[in-house]
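Chemist: please find the sequence and the predicted model below.
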Amino acid sequence: MIAVCGKGGVGKTSISAAMVRILTRDRKKRVLAIDADPAVGLASALGVSAEKTVDDIRNSLIQRLAQGEAGDRQAVVSRLDYELFEALIEHENLAFLAIGRPEKEGCYCQVNHILKDIIASVAGHFDYVVIDGEAGIEQVNRRVMEKVSHLVLVADPSAKALRIVQTIQQVAQQVVNYRKSGLIVNRCQNSREIEGIAIPQTLQYLGWVPEDDVIRICDIEGRSILDLPESAALVAVENCLLTLMD
Amino acid sequence: MDFFGRHFDDILFHLQKMREKGKISDTIHRRGLGWPLADKGDLVMGVDTAVELGHPKEGSTAFLIWTREPMRLRNKRISVLGPDLHKLVGKRIPFGKIILLGVDGFNENNSYKRYRQLENVRYDIRLKGYMMRGVSQYGREWSRVSRSAIDDGFSFPILGGALVDRYLEFKFVKTVEVVFFTSGRRDMKPFLPIAENALKIIGAMNKMIEEVSYDCDTCEYSDICGEVEDLRALRRSLQKRGKTTDA
């Protein structure tokens, strides 16, 4: 289970979509893409439309429990995995699930706990899971990413972005039981730029990804990365992924 | 509470006619046919699907009804009107499923709770290679069977058997029959108005209990309550008590 995290605007979603593209090339493998960013950008990057989100299911569950379905609590909870199946959007060997909007005020700890378990259970049906994370560290803090095995930290060449991924990793080390983590530096102009960056020693460096006009235009136009021709950026992401999974 | 006397008459009549035409294959379920269970609901993706039953574009009807005369049913009979799963590989077909239950002890106080328990049984069926992809409150059910399950011999008797076993776990269920329809809309046609009417009765019951609303002048179910005495009895009972039945 791969989670892609980083500062807002560094290209996490494009990296996530590129990873999904690479992993789904093997038609025998089943890949689940989870969009954990409230902006639901991964849907657009993959060319799917999320009609029902986990947040919709969560709100419906809270409402039903609040309306006194306590007697049916077990029945309501036992149906949750089916509700998640209904929220899955499929495209060949790829399934997509959107988490949706951030939590409203109030403590929904128990509901979130139930949902996390069920998401983990659904994810267990897949060979690979790619989670496009929310910007920043809040999501990692909320322990949404507990079951992640590989943590991908994305930064652009700015010092601020690199500081943020260091912080994310520090937090993640406390709460996420990942096997491996690594840094991808995205949107680099060229190799000279990457040579001038001070990569923190605490981060395993996976590689750099060049600025790519094709991906940028695809992003602007809301087209799917799955349909793009091969490009230097996509090859670079693949190399980073191979290093991560090695 | 016996809402479905007339429906049983009609369903059993039509099924018998189909049997006489040789259109139905019947099996009697015996425990221990054995099929691996999925830990949670099994996920069958489209690319792994051998048979898709009741896809929204094809249509489906699934409902359950009960009778207070359990002996009207041939207990544990599983009937398939149309081809079994191994003959449907590669297909996406309209699908029907009727659960007929012989029960005892249903009254105004427990009918709703028991109905909800029985309705939820479909979420308890977790067989390897079988997935309920979608269920609606309008009697629709969309499910998938994987290629590997078909290769290993998954069939309607196995699915029906799992349902039979689960329903019979309820003390108040005495007999069960399960009917599957796979031969298409023409054979399902006589059953559709019965389904529609049965679902209306269930809708009326749900509305009475969940909305605590007895304003019959504006209720969309007033016609069905007019037809079914036991629905009116339920309403009177609820009005007298001034609350919902226990959940």
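Modeler: That came in fine, so what should we check first? Numbering: from 1, shown residues only, chains lettered A, B, ... in the order given.

Chemist: for A:Pro200, what are phi and psi?
Modeler: The phi/psi pair for A:Pro200 (degrees, to the nearest 10) reads phi -60, psi 140.

Chemist: excluding sequence neighbours, find me the nearest residue to it.
Modeler: Counting by CB to CB, 6 or more residues apart in numbering or on different chains, A:Gln166 is the residue found nearest to A:Pro200 once chain neighbours are left out, at 5.1 Å. C-betas here are computed from N, CA, C, even on glycine.

Chemist: who in chain B is up against chain A?
Modeler: Contact residues, chain B versus chain A (CB under 8 Å from any CB of the partner chain): B:39-43, B:45-48, B:113, B:116-117, B:120, B:123-124, B:131-135, B:246-247.

Chemist: buried subset of those?
Modeler: B:40-43, B:45, B:48, B:116-117, B:123, B:131-135 (16 or more other CB atoms under 10 Å in any protein chain shown).

Chemist: what is the host helix or strand of B:Arg232 packed up against?
Modeler: Secondary structure from DSSP states H and E places B:Arg232 in helix B:229-241. Applying 3 or more CB pairs under 8 Å, 6 or more residues apart in numbering or on different chains; DSSP states H and E, we find helix B:229-241 packed against helix B:192-211, helix B:222-227.

Chemist: B:Pro83: which of those is closest?
Modeler: Proximity to B:Pro83, assessed across the helices and strands packed on helix B:229-241 by CB to CB, is greatest for helix B:192-211 (20.1 Å).

Chemist: mind checking the pLDDT average for the closest one?
Modeler: Mean pLDDT, helix B:192-211: 84.

Chemist: would you map the helices across chain A?
Modeler: A:12-23, A:41-46, A:54-66, A:73-78, A:80-87, A:109-123, A:138-141, A:159-175, A:191-195, A:213-221, A:232-245 (DSSP state H).

Chemist: go through the helix holding B:Arg232 and flag the buried ones.
Modeler: Judged by neighbour count using 16+ other CB under 10 Å, the buried positions of helix B:229-241 are B:230-231, B:234-235, B:237-238.

Chemist: A:Leu42: neighbouring residues, count only.
Modeler: A:Leu42 is flanked by 28 other residues according to other CB atoms under 10 Å in any protein chain shown.

Chemist: show me the contact partners of stretch B:124-132.
Modeler: A:78, A:82, A:85, B:35-44, B:122-123, B:141-146, B:148-150, B:152, B:154, B:158-159, B:162-163, B:166 (CB atoms under 8 Å, 6 or more residues apart in numbering or on different chains).

Chemist: how about a cut-off of 6 Å?
Modeler: Stretch B:124-132 is contacted by residues A:82, B:35-38, B:41-42, B:44, B:143-146, B:148-149, B:154, B:162, B:166 when judged by CB atoms under 6 Å, 6 or more residues apart in numbering or on different chains.

Chemist: dump the residue contacts of residue 30.
Modeler: Picking chain A for this. If a contact means CB under 6 Å, 6+ apart, then A:Arg30 has A:93, A:126-127 as its contacts.

Chemist: closest to A:Asp213 among those residues?
Modeler: A:Asn93 (28.9 Å).

Chemist: if we can go back for a sec, what's the angle between the helix holding B:Arg232 and helix B:192-211?
Modeler: Angle of helix B:229-241 versus helix B:192-211, following axes from the mean of the first three to the mean of the last three CA atoms, to 10 degrees, is 0 degrees.

Chemist: gap between helix B:229-241 and the chain center?
Modeler: Chain-centre distance of helix B:229-241: 25 Å, with CA atoms, centre = their mean, to the nearest Å.

Chemist: and it, what's its mean pLDDT?
Modeler: Mean predicted lDDT for helix B:229-241 stands at 78.

Chemist: nearest to B:Gly59, of the buried residues of helix B:229-241?
Modeler: Looking across the buried residues of helix B:229-241 and measuring by CB to CB, the closest to B:Gly59 is B:Leu231, at 27.4 Å.

Chemist: wait, that closest one sits on B:Cys225?
Modeler: Yes: between B:Leu231 and B:Cys225 there is a contact at 4.6 Å, judged by CB atoms under 6 Å.

Chemist: what is in contact with these two at once?
Modeler: Common neighbours of B:Leu231 and B:Cys225, using CB under 6 Å, 6+ apart, are B:Ala204.

Chemist: what segments of chain B are strands?
Modeler: B:24-28, B:49-53, B:60-67, B:77-81, B:91-93, B:95-103, B:130-135, B:141-146, B:173-181 (DSSP state E).

Chemist: strands paired with the fifth one, and their directions?
Modeler: According to DSSP bridges, strand B:91-93 forms sheet pairs with strand B:49-53 (parallel).

Chemist: show residues contacting the partner strand.
Modeler: So strand B:49-53 is contacted by B:85, B:88-89, B:92, B:95, B:143-145, B:147, B:150 (CB under 6 Å, 6+ apart).

Chemist: buried among those? Need that as a selection in PyMOL.
Modeler: Applying 16+ other CB under 10 Å to those leaves a buried subset, and the PyMOL line that selects it is:
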select buried, chain B and resi 85+88+92+95+143+144+145+147+150
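
Chemist: which pair in the contacts of strand B:49-53 spans the largest distance?
Modeler: Greatest spacing in the contacts of strand B:49-53, by CB to CB: B:Phe95 and B:Arg147 (18.1 Å).

Chemist: neighbours of A:Ala43, just the number please.
Modeler: 25.

Chemist: pLDDT below threshold where in chain A?
Modeler: By pLDDT under 70, the low-scoring segments of chain A are A:68-78, A:102-115, A:136-145.

Chemist: repeat that for chain B.
Modeler: In chain B, residues with pLDDT under 70: B:1, B:32-33, B:137, B:211-215, B:242-247.

Chemist: give me that answer again for 50
Modeler: Scanning chain B for pLDDT under 50 picks out B:244-247.

Chemist: okay, now the domains of chain B?
Modeler: Following automatic domain parsing, one finds the domains of chain B at B:5-186, B:196-241.

Chemist: show me how far the first one is from its chain's centre.
Modeler: Think domain B:5-186. 6 Å.

Chemist: what sits closest to B:Leu73 if chain neighbours are left out?
Modeler: Closest residue to B:Leu73 apart from its sequence neighbours, by CB to CB, 6+ apart: B:Thr175 at 4.3 Å.

Chemist: show me what that neighbour bridges to in the sheet.
Modeler: Assigned bridge partners for B:Thr175, using DSSP bridges, are B:Gly102.
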